[in-house]
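Colleague: Fold the stuff below for me.
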Amino acid sequence: YLEDTCGDAELEYVVSGSGLQRIYNFLREYRGNTNAPELEPAEVSQKGMAEECELCTEAVTIFLDILGYEASNFGLKALAKGGVYIAGGIPPKMKSEIEKGGVLKAFLQEGTRFA
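Modeller: Okay, here's the model as predicted:
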């Protein structure tokens, strides 16, 4: 999907604001739910965290799983000994979702879709 829409499949195309929107758009297409409205990244985030939209909620979950999993991979690549700090504009806005533990589970690669 990313190669078709972006030309490449880069992490930055997924773990970013526009990436959240891409995950949502992928789910719309993959699930055959083309009647679902086109949404901006902030709308996907808000509706997903409020559980007002099933596709948005799934997009947020996938986004946070990838964030945790890739933070773990980066920690291994960098040989981080004191931990890994996740920064950016999106994590503070999704604090309530992050505190549910999905990012930590993905970081530890416990029962995620990627493990």
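Colleague: how about the residue nearest to the spatial centre of the chain, what does it touch?
Modeller: The chain has residue 63 as the residue nearest its centroid, 0.8 Å off, counting by Cα atoms, centre = their mean. Residues in contact with residue 63 (Cβ atoms under 8 Å, 6 or more residues apart in numbering) are 14, 15, 19, 20, 23. Any C-beta I mention is one placed from the backbone N, CA and C, and that applies to glycine too.
Colleague: same thing with residue 84?
Modeller: 71, 72, 74, 75, 78, 107.
Colleague: Okay, and the second one sits in which element?
Modeller: With elements delineated by DSSP states H and E, residue 72 resides in helix 54-77, which encompasses its position.
Colleague: Flag every buried residue along that helix.
Modeller: Neighbour-count burial for helix 54-77, counted by 16 or more other Cβ atoms under 10 Å, picks out 55-57, 59-72, 75.
Colleague: Check stretch 23-39 too.
Modeller: With burial defined by 16+ other Cβ under 10 Å, the residues of stretch 23-39 counted as buried are 23, 24, 25, 26, 27, 28, 36, 39.
Colleague: hang on, the earlier thing: now the two most distant members of the contacts of residue 84.
Modeller: Using Cβ to Cβ, these reach their maximum pairwise distance at 78 and 107, which is 13.9 Å.
Colleague: More neighbours: which of those two?
Modeller: Ranked by neighbour count (other Cβ atoms under 10 Å), residue 78 and residue 107 place residue 107 first, with 21 against 9.
Colleague: picking that back up, now, which of the buried residues of stretch 23-39 sits nearest residue 3?
Modeller: Nearest member of the buried residues of stretch 23-39 to residue 3, counting by Cβ to Cβ, is residue 26, at 11.8 Å.
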